[in-house]
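1. okay, sequence plus prediction incoming.
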Amino acid sequence: MIRKLVLAISLVITTGHVFADATILPMQERAAVIDRWLTTRVQTVLPELMERADIDMWVIISREYNEDPVIRTMIPATWHSARRRTILLIYNPGDGQSLETLAVARYAVGDMFEKAWDREIHGEQWARLAEVIEERSPRRIGLNFSETFALADGITQSEYRLFHEALDPKLHDRVVSAEKLAIGWLETRTEEEMATYQNIVRIAHEILAEGLSEKVIQPGITTTGDVIWWYRDRIRELKLTTWFHPSVSVDRAAQPEIDMKAAISARHDDEIIMPGDLLHVDFGISYLRLNTDTQQHAYVLKPGESEAPAELREALARGNRLQDILTDQFITGRTGNEILASALTVAKDEGITASIYTHPIGYHGHAAGPTIGLWDQQGGVPGRGDYPLYPNTAHSIELYAETDVESWGKAVRISLEEDAFFDGEKTYYIDGRQKEFLLIPRVAPVQ
């Protein structure tokens, strides 16, 4: 039995894609998982978030093909958009009672949101919405408008105007921004989701590693553009999607040192990959409504080499150290800007040339929650960086550390990104992190 297990593990390692193929669910099973998670989230996560935000009624309004980012996470898996005008109303009656979840819409919205409007019985939709609200007389009515967070700013001007005109004037002063509630809903992960998130990140890691291997890359022939499109094709072969176009770039001794702005542009160049190159990839997938975001490095071995040069390995170790410095600053209640400032201070004290641009991950790639720096805003990010860190949230630990590599005659930038989870006390990587370079080829020829 142990021998069979070892052989199975070896098969995954050597073939690269067996794990991913075997663990991706058929579409019908994915839909069942998504809908089960939604029910659990509404019943267990949302009541606490509404109490935290001090909002007892949340109204989410969208029209077909112009969906609020939040409503996309609340419709059933078999819906690809809102239908006509879809209005979800969530009411917390308090005193430990269950939430009331209604759809003031032509149709019920899955099993979670009960139909509360019939044109033939209730008349016009806006009038019915106003009636439902007035019957419950909420203290604070949350709508999704926000100057700071795009993901919490889903109501359009026309929908807001029509809502305001329909609502009884005596309730107008009860309408507030649902920004904190919307961000809380989007950023909070459940136990069930996290049990599966590791598998999702593992699939992404497997695809990434396969692309940075001799199966895809033949030095002297393969270009970075070839690898990028291989990733796109591979994602589709696995019946997955991605939320951004992957990028693959090279750094090498003969290449002049460039700043971060130029480095970002260089990710879209088409370079022939050669022995001695340091490759960088930025890659992510979308699966079960959750997203991944990973940056790793590979080294293309020269003849006679069996590992990357010691100076590059040291550079990678400094990148890992910067990751530790950052996650050590994750403390509940700290803002993104406070975390950024503390981490950069420690990095400077340790002599690490650093840049930190970490973001939440989850329902979106650049997701809801505290922004911890941007590559061009290392002094803090007003607004989004002032949002506090909450427990049970996932984050892409994205950053770079520069190290002078004497043999290359310049500084080498190690850009890393790995998805992590903060449980309120500690931070852990959802599926580990890169501590060694991926080598091309994986096993060097015997010299």
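-> Nice, thanks for sending it over.

2. outline the domain layout of the chain.
-> Per automatic domain parsing, the structural domains of the chain span 27-185, 189-440.

3. so for the longest one, mean pLDDT?
-> Pointing back at domain 189-440 there. The average pLDDT within domain 189-440 is 96.

4. just the first one next, same as before
-> Taken as a whole, domain 27-185 has an average pLDDT of 94.

5. that one: end-to-end distance?
-> One end of domain 27-185 sits 25 Å from the other (CA to CA, to the nearest Å).

6. please begin residue numbering at 816 from this point
-> Understood, numbering begins at 816; the last thing we discussed is domain 842-1000.

7. tell me the gap between that domain and the middle of its chain.
-> Chain-centre distance of domain 842-1000: 23 Å, with CA atoms, centre = their mean, to the nearest Å.

8. related to what we said a few turns ago, any idea which of the domains of the chain gets closest to D836?
-> Across the domains of the chain, D836 has its closest neighbour in domain 1004-1255 (6.9 Å, CB to CB). Using the backbone N, CA and C atoms, a C-beta is placed for each residue, glycine as well.

9. tally of neighbours for T888?
-> 20 (other CB atoms under 10 Å).

10. ok, it - contacts?
-> T888 is in contact with 853, 1000-1001, 1104, 1178, counting by CB atoms under 8 Å, 6 or more residues apart in numbering.

11. between the residues you listed, which is closest to I1022?
-> For the contacts of T888, the nearest to I1022 is R1104 (18.5 Å; CB to CB).

12. if we can go back for a sec, can you lay out the domains of the chain as a markdown table showing distance to D836?
-> Below are the domains of the chain laid out as a markdown table (distance: least, CB to CB, whole Å):
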| stretch | distance to D836 |
| --- | --- |
| domain 842-1000 | 15 |
| domain 1004-1255 | 7 |
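
13. what residue is smack in the middle of this structure?
-> I1176 (2.4 Å; CA atoms, centre = their mean).

14. so what's L1141 closest to, chain neighbours aside?
-> The shortest distance from L1141 to any non-neighbouring residue, by CB to CB, 6 or more residues apart in numbering, is to A1158 (4.5 Å).

15. residue contacts, the one you found?
-> 1137, 1140-1141, 1143-1144, 1169, 1171, 1187.

16. repeat that for M927.
-> 853-854, 857, 889, 891, 916.

17. out of the residues you listed, which comes closest to T901?
-> M889 (9.5 Å).

18. in this structure the closest one contacts V924, no?
-> Yes: M889 is in contact with V924 according to CB atoms under 8 Å; the separation is 7.4 Å.

19. list residues touching both of those two?
-> L903.

20. just to revisit the earlier point, and the gap between the residue nearest to the centre of the chain and T1242?
-> I1176 is 13 Å from T1242, where distance means CB to CB, to the nearest Å.

21. give me the common contacts of the two.
-> H1210.

22. before we move on, the earlier item: nearest to R1257, of the contacts of A1158?
-> L1137 (26.7 Å).

23. where along the stretch 916-1065 of the chain do the strands fall?
-> 929-930, 956-958, 990-992, 1062-1066 (DSSP state E, counting those that start in this stretch).

24. quick one, phi/psi of D871?
-> phi -100, psi -10 (degrees, to the nearest 10).
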